[in-house]
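**Student:** structural data only, the sequence is not supplied:
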């Protein structure tokens, strides 16, 4: 375990398990798994509860019309918030063998949702698929043979998607076609000790990777060169996002202790970096 970065500041404490951070409309939005909440936080750390108690939320995104999309982990569904209420946009249970997790939503409102692929507490690991949900709710397989597809980003030109394969210790890239299809699968970065969870993209094409196994976030370029590390000490680092007015604040969702509803060891932490965020989300 690395010592904690001296420049890392705790912004919000007392969460159960924060995940899926997104910078949207001047605030950091994130899910808190076990309290079943989606929250939005300003730069001062003041939080507003957007969703409370309906589902166990994970990945977040928005439609082109501004409606919030939320992954419902346990019932393996994609939900849409309409007039303050959640409605089911797509049932993913036929395609997702176990809990759903992170998601990225492109500029046309197509959602790409990952899933565990297996019961991670009882079963041996096995491959699964990334699921694409079109704006009309139709769900199809976007990519298969994925080892726990997790955090994902899309480059600013909309032409490349990068997905964290947690159990393969790698970032995998795809070309994105005009119709949303994924092709030309390739390794963006093979990591040696970091199991990537949530990720964020910056203007230089580097990816910030949350690494819960190593209690840190790393900045990695295509090919696997790591240029910067932010250590979170005794806290696991599960997701990250570049936000703030200048997109130069690296927000980290961290957690210590047991991962359940009784845990209050989750936090949002932040540190300034030199290169702003880019692309989606």
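**Tutor:** Arrived safely. Predicted, not measured: the structure shown is a model, and the values here were computed from it. Numbers count the residues shown, from 1 in each chain.
**Student:** look up how far residue 188 lies from residue 71.
**Tutor:** For residue 71, the distance to residue 188 (C-beta to C-beta, to the nearest Å) stands at 23 Å. Quick note: C-beta positions are derived from backbone N, CA and C, even for glycine.
**Student:** ignore what I typed, I meant residue 29.
**Tutor:** Distance of residue 29 to residue 188, computed by C-beta to C-beta: 26 Å.
**Student:** neighbour count winner among these two?
**Tutor:** Ranked by neighbour count (other C-beta atoms under 10 Å), residue 29 and residue 188 place residue 29 first, with 24 against 21.
**Student:** in the sheet, who's paired with that one?
**Tutor:** Note on residue 29: beta-bridge partners residue 22, residue 40, judged by DSSP bridges.
**Student:** again, but for residue 267
**Tutor:** The partner list for residue 267 in beta bridges (DSSP bridges) reads residue 254.
**Student:** residue numbering should commence at 469 henceforth.
**Tutor:** In the new count, where the first residue is 469, that last one comes out as residue 735.
**Student:** so it is in contact with residue 725, correct?
**Tutor:** No. Contact between residue 735 and residue 725 fails when scored by C-beta atoms under 8 Å: they sit 11.1 Å apart.
**Student:** the two: who's more crowded?
**Tutor:** In this view residue 735 and residue 725 are compared by other C-beta under 10 Å, and residue 735 has more residues nearby, 19 against 15.
**Student:** contacts only, for that one.
**Tutor:** If a contact means C-beta atoms under 8 Å, 6 or more residues apart in numbering, then residue 735 has 478-483, 486, 703, 721-723 as its contacts.
**Student:** inside strands: which ones of those?
**Tutor:** Residues of those located in strands (DSSP state E): 478-483, 486, 721-723.
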